[in-house]
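Visitor: no sequence on this one, just coordinates:
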């Protein structure tokens with residue numbers, strides 16, 4: 001086994017954990033029975049896993065891109081890197097914006113502000129998921145470019 005195979009495995013593992021976590025949060029965890037505090041607890045775990053996954057994706061993706069050489073990389077790889085960077089930027093805006101607002105609102109007992117922060121988190125995660133779908137299309141079908 002070559003190191004490139006291990007890098008690809010780790011890259012895909014990071015993607016599955018990050019994107020799968022977002023799908024779980026947005027589709028499976030939706031329940032009126034959950035309190036905002038329970039949502040926040042789930043998101044706390046999700047963010048820890050996500051940042052680790054993102055680091056893994058960036059490191060392994062960068063390694064694979066450098067190993068091939070930018071000039072020789074398939075166009076789909078470059079587009080995938082750009083879309084991935086956009087995903088990370090939007091995801092970081094979730095963490096730095098509404099996630100911090102949610103935590104502050106819960107600390108103060110502001111239920112209305114916490115619910116608004118959750119709404120904003122969900123909207124931004126939807127944007128990241130749309131970008132993830134586009135990235136998947138480019139990563140697979142884009143190889144034909």
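Guide: Received, thanks. Treat the numbers as computed from the prediction; the structure is a model and nothing was measured. Residues are numbered from 1 along each chain as shown.
Visitor: residue contacts, the residue nearest to the spatial centre of the chain?
Guide: For the chain, the residue sitting closest to the mean C-alpha position, by CA atoms, centre = their mean, is residue 18 at 4.9 Å. By CB atoms under 8 Å, 6 or more residues apart in numbering, the residues touching residue 18 are 49, 50, 53, 54, 57. To be clear about C-beta, it is placed using only N, CA and C from the backbone, and glycine gets the same treatment.
Visitor: can you check residue 56 too?
Guide: The contact partners of residue 56, taken as CB under 8 Å, 6+ apart, are 10, 11, 13, 14.
Visitor: Kindly report the same for residue 52.
Guide: Counted by CB under 8 Å, 6+ apart, residue 52 has contacts residue 14.
Visitor: Give me the pLDDT for it.
Guide: At residue 52, the pLDDT value in this model is 97.
Visitor: same question, residue 122
Guide: Taking residue 122 on its own, its pLDDT is 93.
Visitor: repeat for residue 143
Guide: Note for residue 143: predicted pLDDT of 74.
Visitor: Look up how far residue 68 lies from it.
Guide: Per CB to CB, to the nearest Å, residue 143 is found 13 Å from residue 68.
Visitor: What does the pLDDT read for the closest residue to residue 84 other than its chain neighbours?
Guide: Distances taken as CB to CB, 6 or more residues apart in numbering place residue 135 nearest to residue 84, at 5.9 Å, with adjacent residues excluded. Per-residue pLDDT puts residue 135 at 94.
Visitor: any idea which helix or strand carries residue 135?
Guide: Secondary-structure assignment from DSSP states H and E places residue 135 in helix 111-140.
Visitor: Please point out which parts of stretch 82-90 sit buried.
Guide: Neighbour-count burial for stretch 82-90 flags 83, 84, 87, 88, 90 (criterion: 16 or more other CB atoms under 10 Å).
Visitor: Next: stretch 100-109.
Guide: Neighbour counts using 16+ other CB under 10 Å place 101, 102, 105, 106 of stretch 100-109 among the buried residues.
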